[in-house]
Structure formats: structure tokens, C-alpha cells
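Enquirer: what's the 3D shape of this:
(2 chains)
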Amino acid sequence: MESKVEPEKKEKSWEPRILAILCRWCSYAGADLTGSSRISYPPNVRILRVPCSGRVDPLFILKALRLGLDGVLVSGCHPGDCHYTAGNYNARRKFVILSRLLEYVGIDPRRVQFSWVSASEGDKFAKIVSGVVADAKALGPNHIFRGEFLDPPAPSPSRPNQ
Amino acid sequence: MPEFTPEQIKEELTAIAAKLLDEGKVDYFLAYERGTVPFKTTPLIARKKEDLQRVWVEDYFAPNLSVYLKEIRGRIGIVVKGCDSRSLVSLIKEDQIKREDFHVVGISCPGQIDLRKLAKAAACEPEELEEIVRKGSEVLVRANGQEKTLPKPQALLDKCLRCRYPKPLIFDTLLPGEYVAPVDLENPGGTDPATFLKDELRGKPFPERWAFWAQQFERCIRCYACRNVCPACFCPRCIVEENLPQWVSPLPTRGDNFVFHLMRLMHVTGTCTSCGECERICPMGIPLMKLNEKMTDDLKELFDFMAGVDLEKPLPLRTYRQEDPNDFIR
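Expert: A predicted model of the protein is given here:
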């Protein structure tokens, strides 16, 4: 299979794969604006659109880490701007508990990051993505689950969540 | 202070249960009976008066009976220790059970013996323990012809050392007994109170913490005993058994165990009362309470929430405040 690249070769050309989970109303539109404003940002992110940051189940984040993605970015509307009034407030409580738990079991907090990006903040989105990618590069590949008798299937570039 | 013998307590409990069953106020009565293994108790689900002969209150009644409430339908009488009553409060708040369906009988608890701790102290397997005797603030253990006397903190379950609610928070009837915490936190005896419950792992750097937890997650055999015994785990279909899509592989790999354990924690956030059943039941001895305690402490610190003590306060993940922590978000 083509995905079976030699380990050394893979290391040399290694680029982090980031999953960005974006809310449909603000951050996804913000990412769209980044593109239409011709602001460039690293192509390492794969975007998953969700209706609201409140839709983000902690399971999505954990599963992404388990599949070997090198970083996860979750982004939604600024507090007070949620299309559904309070989705992001509720999400924030889940995220703070999750991020503290991940930190406690020894996952670097730079692997899983959260942000608020509004539909007008195209430049902020580019900045945040560059930051997340730089962090992932500094941390190196996500080898948390490497060396197991059953390695997770390598996510293909077009379908990062598969 | 008047002393109560287990016989007195047992008599009283049997009388209450018999009356409830007789009058048809409850369909079942949940209590403890003597286990088939030494120093262990088995839950007793009494349907008729005769079953009550098997009631056992002597000692070692560790199981948290509230886990059965979501499975048994009908009106139920139940025996609870102080800590178990918190699970009841949690389940009522989660709309899993209705308060009026239960007759709650509170029982005093002298602190539950941790067989693993004793076995370790006596340098033997838990099955080889021959005798356990409580003597005031100490516990005497005999195994392989040797005797050892241990101070309470070294003989009781960790959750008992943290005991803050020795008296049930909700009850209809309270059995006679002494409702005091088994260990005085200010003066635990023989151990420094500042360090004896501290989780040293929290101060360590990331790689060390991951090294520890990776090893623990690797040992998990995914028997799901921790989930089955947990009163706070009540999803009709568990996420780990979901197969369309399959979120977590059933294979006990380190990665899937990591997802399972963290997900289990996220699901019980706000409902988990640190009853310690998951850790007690774990056949591999994984220190799950370290994770639960971390989550519990975070809830206390961030949202000033303690699970299972207040019927009015909303669950932490079902509410929010505008001034919730936001500094971790970019």
C-alpha cells in the first residue's frame, strides 16, 4: 500500500497533521475569510466542520490523538456570540476539564488547543493555525501510541478523521 | 458514647426491612450478605421476608449498592453508607431515579478494609489473609502464621481516609450506630496529614506522567468492571460498545484504553462521587481513583462543585457562568 512509507523516509519528510474542529457559524466562516482575503497559513490542517463548539464531543479529540494526529485545534464563537446562545459556554466547561485531564495523564497541552475565532477574524485564524503547527513541529510526531501490536490506521490526507 | 454491636444493628435492619416488605411498601430490599470468599460481602436483593435471614452487617460491606438502582424496577428499600448516599443524590440529580421510589436506610460505617493494602503489608496474596480484627484505631492482620498491627490509614480504602460524609445525606430511616469518619483528617495517626493523601504525580513533568499512565493503560484488560460497577455510568448503550461508527476498538491496546478511560471520566464528570468502586473492583489494580480525584479536585477548584452533596445545585456540565475559566483558550 502506498501509505506504508519507510519509517526513515517518513521522518525526513514529516509534516504535522492537525485536525481543526471549527464551528459552522464563526470559526469556519473565519477560516473561509482567511482564504478569501488571500492570507496564507500552513496547509497542515484538516478542517472538520461542526454545527457548534458545543457539538464537540471530547471523544473527537481523544480519537484524533489516538489515530496519531499531531495536534488538535478546536475553535468556536467568542463567548456571547454563540448562534445557539450558550453552546460555547457549555463547551468551555467540558474543554477545561478535558484539557486538565489530558495534562494530568501527561499529554502536552500544546497538542490540544482551543480558540475563539469570529467570522471576521481571518487573520487571527491564520495566526492560530501557524501557532498550532509550530507547536506540533516543536513537539515532534505524535508517537504516543506507537509501538503497539496494532498500530492505528494511517489517516489519509483527504480524510483525516477516518 | 453508647456502643452498638453488629447484632443490634442487624436486628434493627432486618426488622425495618421485614416491615417494609410485609406492608408492601417496597418490592425489593437491597442489603449485604456474606460473600463466598473470606472478607468479602455480596449484595443481597431480598424479595421476601425469608431472604432477610441472610443479611450481614458485621464488617467489610464495601459494595456501593446504588449501582443496582438503575437496573431494578419497582419500589426499593436500600441500605446506604454515607458515601453511597452521595451516589443516590447524584442519580436523582441526573434524573435516573426518583426519590419517592426508595426507602433509604442509613447505616454507620467504620471504614472499609482495603484487602490489597493488608496483603501488601503482610507480604502475601489477598486470598491468603487469615484474620482481620479491628482494634480501635488499629487493624490487626494475620497471614501465614504472622501477625501485624497497622494504623487505620494503612489498612482502609483511600476513599475512607477522605471520608467527609460518614452520615448519609438522604435517608428515611437511620440505623443505630456511630456516624463518625473513620480517620480524623487532622490527626490520622502515624502519618503526616499533609502527605498521606497527596498525589505526587501532579507535580511531575509531562514525560514522567505519561510514562506512568502509559504503563497503567497498557495493563488494562478492558473487562469493563470499572464501568459496570460505577453508579454514575448509566448510558443504556456504552460508547465503547457502539459499532456504527466504532469509536473505540474493543482490543485492549494502550491507545484505545487511553480513549476509554478518559472518556469514562468525561462521562462521569459531575456525577462521580469518588466512591472508589472502580479502583476497588479493578482486577489489574489500576489506580483509577487518581484520575477521578484529579477530576473531582478540578470541579471543586473551577466550579466550586462537589458531586452528590446538594440536590439543588445544577450539574457542572449542564450549566455555565460567563466568568468561567477562559485563559486556556487562545
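Enquirer: okay, helices next: where are they in the chain?
Expert: Answering for chain A, as no chain was given. In chain A, helices defined by DSSP state H lie at A:7-12, A:27-36, A:58-66, A:87-104, A:122-139, listed in chain order.
Enquirer: that's the other chain; I wanted chain B
Expert: With helices called from DSSP H, chain B shows them at B:6-22, B:82-93, B:115-121, B:158-161, B:206-219, B:225-228, B:254-268, B:277-281, B:288-303.
Enquirer: show the contacting residues for the residue nearest to the spatial centre of chain B.
Expert: By Cα atoms, centre = their mean, chain B has its centre lying nearest to B:Cys275, at 2.7 Å. Residues in contact with B:Cys275 (Cβ atoms under 8 Å, 6 or more residues apart in numbering or on different chains) are B:64, B:83-84, B:86-87, B:159, B:231. Where C-beta positions appear, they are placed from N, C-alpha and C, glycine not excepted.
Enquirer: can you do 10 Å?
Expert: Residues near B:Cys275 by Cβ atoms under 10 Å, 6 or more residues apart in numbering or on different chains: B:62-64, B:66-67, B:81, B:83-84, B:86-87, B:90, B:157, B:159, B:229-232, B:289, B:292, B:307-308.
Enquirer: and the pLDDT at the residue in the stretch 151-300 of chain B positioned nearest to chain A?
Expert: Chain A sits closest to B:Trp210 of the stretch 151-300 of chain B, with a gap of 2.8 Å, by Cβ to the nearest Cβ. pLDDT for B:Trp210: 91.
Enquirer: same thing with A:Gly106?
Expert: For A:Gly106, the predicted pLDDT is 91.
Enquirer: I'd say B:Tyr179 and B:Ser85 touch.
Expert: No - using Cβ atoms under 10 Å, B:Tyr179 is not in contact with B:Ser85; the gap is 11.3 Å.
Enquirer: which residue packs closest to B:Ser116, ignoring adjacent ones?
Expert: No Ser there; residue B:116 is Arg. Leaving out its chain neighbours, the residue that sits closest to B:Arg116 by Cβ to Cβ, 6 or more residues apart in numbering or on different chains is B:Pro126, at 6.1 Å.
Enquirer: how close does that neighbour get to B:Gly145?
Expert: Relative to B:Gly145, B:Pro126 is positioned 17 Å away (Cβ to Cβ, to the nearest Å).
Enquirer: those two: who's more crowded?
Expert: B:Pro126 (18 against 6; other Cβ atoms under 10 Å in any protein chain shown).
Enquirer: the more buried one contacts B:Val141, correct?
Expert: No - under the criterion of Cβ under 10 Å, B:Pro126 is not in contact with B:Val141, lying 11.0 Å apart.
Enquirer: now the common contact residues for these two.
Expert: The contact lists of B:Pro126 and B:Val141 share B:115, B:117-119, where a contact means Cβ under 10 Å, 6+ apart.
Enquirer: with adjacent residues omitted, what lies nearest to B:Pro38?
Expert: Nearest one to B:Pro38, counting by Cβ to Cβ, 6+ apart, is B:Leu129 at 7.1 Å.
Enquirer: what sits opposite that neighbour in the beta ladder?
Expert: Beta bridges link B:Leu129 to B:Ala143, judged by DSSP bridges.
Enquirer: ok, back up a step: how about the residue nearest to the centre of chain B, nearest residue that isn't a chain neighbour?
Expert: Closest residue to B:Cys275 in three dimensions, ignoring its sequence neighbours and counting by Cβ to Cβ, 6+ apart: B:Asn64, at 4.9 Å.
Enquirer: in chain A, what spans have low per-residue confidence?
Expert: A:1-12, A:146-162 (pLDDT under 70).
Enquirer: sorry, back to before: and the closest residue to the residue of the stretch 151-300 of chain B closest to chain A other than its chain neighbours, how far from B:Lys19?
Expert: Residue nearest to B:Trp210 in three dimensions, not counting chain neighbours: A:Gly106, with 2.8 Å by Cβ to Cβ, 6+ apart. With distances taken as Cβ to Cβ, A:Gly106 is found 54 Å from B:Lys19.
Enquirer: between these two, which one's more packed in?
Expert: More crowded of A:Gly106 and B:Lys19, by other Cβ under 10 Å: A:Gly106, with 19 against 14.
Enquirer: that one and B:Leu291 touch, don't they?
Expert: No - A:Gly106 lies out of contact with B:Leu291 (Cβ under 10 Å); the separation is 11.9 Å.
Enquirer: identify the contacts common to the two.
Expert: Contact criterion Cβ under 10 Å, 6+ apart; residues shared by A:Gly106 and B:Leu291: B:Trp213.
Enquirer: stretch B:79-91 and chain A in contact?
Expert: No - applying Cβ under 10 Å from any Cβ of the partner chain, one finds stretch B:79-91 separated from chain A by no less than 16.4 Å.
Enquirer: ok, now which ones touch residue 27?
Expert: Since you didn't name a chain, this refers to chain A. By Cβ under 10 Å, 6+ apart, the contact list for A:Ser27 reads A:20-21, A:47, A:49-50, A:53, A:73-78, A:115-119, A:121, A:124-125, A:128.
Enquirer: the chain in question should be chain B.
Expert: With Cβ under 10 Å, 6+ apart, B:Asp27 has these contacts: B:20-21, B:47, B:72-77, B:101.
Enquirer: if any of those residues are buried, put those into a ChimeraX selection.
Expert: Of the contacts of B:Asp27, the buried ones go into a single ChimeraX selection, burial set by 16 or more other Cβ atoms under 10 Å in any protein chain shown:
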select /B:20,21,75,76,77
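Enquirer: with distance to B:Pro245 added, can I get the contacts of B:Asp27 in CSV?
Expert: Shown next, in CSV, are the contacts of B:Asp27 (distance: Cβ to Cβ, whole Å):
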residue, distance to B:Pro245
B:Leu20, 47
B:Leu21, 47
B:Arg47, 42
B:Ile72, 32
B:Arg73, 32
B:Gly74, 36
B:Arg75, 40
B:Ile76, 37
B:Gly77, 42
B:Asp101, 36
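Enquirer: return the subset of the contacts of B:Asp27 lying in strands.
Expert: Per DSSP state E, strands hold the following members of the contacts of B:Asp27: B:76-77.
Enquirer: out of the contacts of B:Asp27, who's near chain A?
Expert: Counting by Cβ under 10 Å from any Cβ, nothing from the contacts of B:Asp27 sits close to chain A.
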